[in-house]
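In: Sharing a model that was predicted from the sequence below.
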Amino acid sequence: MIRFIGRRHACAAMLAAATLLAGCERPPVDTVQRGYRGTGMEQVYNPRTLATQASVNTLPADTPMPEPGGPLSSTVFKNVQVVGDTSVAEFTRLLVSLTAWVAPEQGCTYCHKAGEDFSSDGLYTKVVARRMLQMTRKINTDWKTHVAETGVTCYTCHRGQPVPANVWFAPAADRHAAGMLGSRAGQNTPATSVALASLPYDPFTPFLSQANEIRVIGHTPLATDNRKSTKQTEYTYGLMMHMSQSLGVNCTYCHNTRSFAEWDGSTPQRATAWYGIRMTREVNNQYLDSLAGTFPANRLGPTGDVPKVNCATCHQGAFKPMYGASMLKTHPELVGAVKATVEPAVPGPVVSANSAVLYFAVGSPTLTDEGVKGIDQLAAVVRANPDAKVTVSGYHSASGDLVQNQELAKQRAFAVRDALKAAGVAEGRVVLEKPLSAEANLAGEDPKARRVELAVK
Ligand code: HEC
Ligand code: HEC
Ligand code: HEC
Ligand code: HEC
């Protein structure tokens, strides 16, 4: 069913003879044992391919990291939606790196129209780049199961080109599909996507866009529960050829060929690959597909779909992109939400002779240190007036869920009551009062609304 025709580069010179062989790397090749003795789990390396690979997979030069601190780019610039949590220095450095990674020849004007303000979204490339920033952060934050601490930057895929070397589209309908020989299911048209094997040349749509099952092996000796058709099997093998080729490895990098299905005998890399398939699917469905209306027509595929990512887009022939060298340590801004989004400072308490207003952070019932000091001041007033009582009313802002907010307002009032007790005010002298007016609740996420009011009566 399957003829392994091996790697294109190595085969070109000796095509006729080589097609007879299982693998056809021109000797000498190196083999590295990867499993127990006798399991045949070996990795075949071709030193010539490795040499070419090493040159493709080196890190680009970068400028030094700036000193931490300084104003946030979101406060200084007008239209920074994704990386607004960087300092201005980090942000400017990111744009310089990003230009080197994606558009070194074109420069800033690849994404910013000359003569227009930098905040304008006039060019589609900028809109795409913004989505790419979100995608890169998402991969680095939520797909550590695949990219670990190595992570990715724009360079991982782009390598100094506006369009990454490896992208895929859904192919146009097969011209021969309705011919006398019946549907070829995209087969027998040796395609580089499946390492030139006689397999369906689009193993991507079913697995890296759609979520079809990547299984061919039944659980019983007879074909009772196994409904996988030969065609589906061939698609699975097509994907496996692509995966092996993209990583520059053979099947035993992940499988023990005694049983391709069993996970017990498989290498840890197979689990990493399993997550990689899911990650790639998410990148295609959540990020690239959402740019369908943004890309100009000349960037779309024969059926009008957006360019998409497969294993080769990042790996480019290496078992780890750039052989595992990471740029994230010097670009922490590409890991999403590294720093908690910086919230506006909570206003300090306002304390007068017989009243106080204490403010709280978004969603928090915890008193600020300043707030505790304000309570101490007011507690002194109450202690000095033996007949006085102190009323406590909690408020919340209008954004978010009302029931939760009311609970939050109550918890804020409780926190103030407890702090008063701690400051020597007897519990009987603290009266919890429901707020009389909710006027401040109409203002959305207004820092002045997240408060507790105290009055000495
Ligand atoms: C690959 C596309 C790309 C390149 C090249 C690029 N930028 Fe940008 N630039 C962006 C994106 C995307 C944003 C918005 C980021 C966000 O929303 O978080 C941005 C925002 C900016 C802003 C903030 C403008 C504002 O007021 O909102 C400035 C300033 C800027 N870029 C300057 C530059 C300079 C200078 C260069 C060349 C060194 C450059 N950019 C190269 C994509 C690019
Ligand atoms: C996982 C791989 C991947 C990563 C990481 C990635 N990109 Fe892309 N990028 C793509 C693909 C795929 C396309 C679509 C290519 C095409 O237009 O044919 C693309 C397209 C673009 C384009 C449009 C190019 C054009 O001429 O149409 C820009 C600009 C861009 N990326 C910027 C960035 C920036 C900036 C980053 C880093 C924040 C980044 N990309 C990270 C895969 C990636
Ligand atoms: C980089 C790791 C990796 C490489 C290399 C690889 N595979 Fe796989 N293979 C997987 C993963 C992961 C799955 C399971 C996919 C899933 O369930 O989503 C799988 C599934 C399979 C299955 C289906 C097993 C079942 O449960 O029915 C077969 C068959 C298979 N691979 C054969 C091969 C062959 C043949 C090669 C070499 C051409 C190969 N694989 C190379 C990772 C790999
Ligand atoms: C967004 C970029 C990206 C894409 C797309 C991607 N990978 Fe990876 N992959 C990485 C990075 C980065 C690492 C390195 C992680 C580390 O250092 O452990 C990695 C590591 C791996 C490893 C572990 C290698 C080892 O020796 O430990 C395997 C196996 C792997 N990828 C398979 C795949 C397969 C199969 C696909 C396609 C289904 C894929 N990857 C798609 C970025 C990517």
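Out: Now that the structure is in, tell me what you want to look at. Numbering: from 1, shown residues only. Ligands and ions are numbered 1, 2, ... in the order given.

In: next one: the helix or strand hosting A356 to chain centre, how far?
Out: According to DSSP states H and E, A356 maps onto strand 355-359. Here strand 355-359 is found 42 Å from its chain centre; the criterion is C-alpha atoms, centre = their mean, to the nearest Å.

In: That one - what's its average pLDDT?
Out: Averaged across strand 355-359, the pLDDT comes to 90.

In: So which elements touch the helix or strand following that strand?
Out: The helix or strand immediately downstream of strand 355-359 is helix 369-384, counting by DSSP H and E. Applying 3 or more C-beta pairs under 8 Å, 6 or more residues apart in numbering; DSSP states H and E, one finds that helix 369-384 contacts strand 350-351, strand 355-359, helix 402-422, strand 451-456. For every residue, glycine as well, the C-beta is placed using N, CA and C.

In: For helix 369-384, buried residues please.
Out: By 16 or more other C-beta atoms under 10 Å, the buried positions in helix 369-384 come out as 371-372, 374-375, 378-379, 381-382.

In: what's the strand holding A356 packed up against?
Out: helix 369-384, strand 451-456.

In: Now distance to P296 too, for those, in JSON lines please.
Out: What follows is the helices and strands packed on strand 355-359, written out as JSON lines (distance: least, C-beta to C-beta, whole Å):
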{"stretch": "helix 369-384", "distance to P296": "54"}
{"stretch": "strand 451-456", "distance to P296": "51"}
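
In: With distance to Y359 and mean pLDDT added, can I get the ones you listed in a markdown table?
Out: Below are the helices and strands packed on strand 355-359 laid out as a markdown table (distance: least, C-beta to C-beta, whole Å; pLDDT from 0 to 100):
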| stretch | distance to Y359 | mean pLDDT |
| --- | --- | --- |
| helix 369-384 | 7 | 88 |
| strand 451-456 | 5 | 90 |
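
In: so which of the ones you listed comes closest to ligand 2?
Out: Each of those has some distance to ligand 2 by C-beta to the nearest ligand atom; the shortest is helix 369-384, at 38.7 Å.

In: any residues touching the next helix or strand after the closest one, and which ones?
Out: Once the chain leaves helix 369-384, the next helix or strand it forms, by DSSP H and E, is strand 390-394. Contact with strand 390-394 is made by 378, 382, 408-413, 416-417, 420, 425, 429-436, 451-457, as judged by C-beta atoms under 8 Å, 6 or more residues apart in numbering.

In: ranges for the helices of the chain?
Out: 8-11, 15-18, 47-56, 73-76, 88-102, 124-142, 144-147, 154-158, 204, 230-247, 268-282, 311-315, 369-384, 402-422 (DSSP state H).

In: Lowest mean pLDDT across those helices, which one is that?
Out: helix 15-18 (a mean of 38).

In: Just the buried ones among the contacts of strand 390-394, please.
Out: 378, 382, 408-409, 411-413, 416-417, 420, 425, 429-430, 435, 451-456.

In: who's in contact with G69?
Out: S87.

In: oh sorry, the question was meant for V431
Out: If you count contacts by C-beta under 8 Å, 6+ apart, V431 has them with 389-392.

In: between these, which is nearest ligand 4?
Out: Among those, and counting by C-beta to the nearest ligand atom, the member closest to ligand 4 is V392, at 52.5 Å.

In: Next one, pLDDT for the closest one please.
Out: pLDDT, V392: 92.

In: Next: N212.
Out: 85.

In: shouldn't it be in contact with P206?
Out: Yes. Assessed by C-beta atoms under 8 Å, N212 is found in contact with P206 at 4.3 Å.

In: Those two - which one has more neighbours?
Out: P206 (18 against 14; other C-beta atoms under 10 Å).

In: which residues sit in contact with that one?
Out: So P206 contacts 212, 235 (C-beta under 8 Å, 6+ apart).

In: P104 against G160, yeah?
Out: Yes. With contact defined as C-beta under 8 Å, P104 counts as touching G160 (5.3 Å).

In: list residues touching both of the two?
Out: By C-beta under 8 Å, 6+ apart, no residue touches both P104 and G160.

In: quick one on the thing from earlier: between the helices and strands packed on helix 369-384, which one is nearest to D142?
Out: For D142, the closest of these is helix 402-422, at 25.3 Å, according to C-beta to C-beta.

In: Run through the neighbouring helices and strands of the closest one.
Out: Counting by 3+ C-beta pairs under 8 Å, 6+ apart, helix 402-422 packs on helix 369-384, strand 390-394, strand 430-432, strand 451-456.

In: Nearest to G265 among those would be which one?
Out: helix 369-384 (58.0 Å).

In: coming back round to it: in CSV, list the helices of the chain along with distance to P28.
Out: Below are the helices of the chain laid out as CSV (distance: least, C-beta to C-beta, whole Å):
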stretch, distance to P28
helix 8-11, 12
helix 15-18, 15
helix 47-56, 7
helix 73-76, 54
helix 88-102, 36
helix 124-142, 38
helix 144-147, 33
helix 154-158, 31
helix 204, 34
helix 230-247, 21
helix 268-282, 25
helix 311-315, 25
helix 369-384, 70
helix 402-422, 68
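
In: Can you add distance to ligand 4 and give those helices back as JSON lines?
Out: Output for the helices of the chain, formatted as JSON lines (distance: least, C-beta to the nearest ligand atom, whole Å):
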{"stretch": "helix 8-11", "distance to ligand 4": "19"}
{"stretch": "helix 15-18", "distance to ligand 4": "25"}
{"stretch": "helix 47-56", "distance to ligand 4": "14"}
{"stretch": "helix 73-76", "distance to ligand 4": "25"}
{"stretch": "helix 88-102", "distance to ligand 4": "14"}
{"stretch": "helix 124-142", "distance to ligand 4": "5"}
{"stretch": "helix 144-147", "distance to ligand 4": "4"}
{"stretch": "helix 154-158", "distance to ligand 4": "6"}
{"stretch": "helix 204", "distance to ligand 4": "9"}
{"stretch": "helix 230-247", "distance to ligand 4": "4"}
{"stretch": "helix 268-282", "distance to ligand 4": "3"}
{"stretch": "helix 311-315", "distance to ligand 4": "3"}
{"stretch": "helix 369-384", "distance to ligand 4": "42"}
{"stretch": "helix 402-422", "distance to ligand 4": "37"}
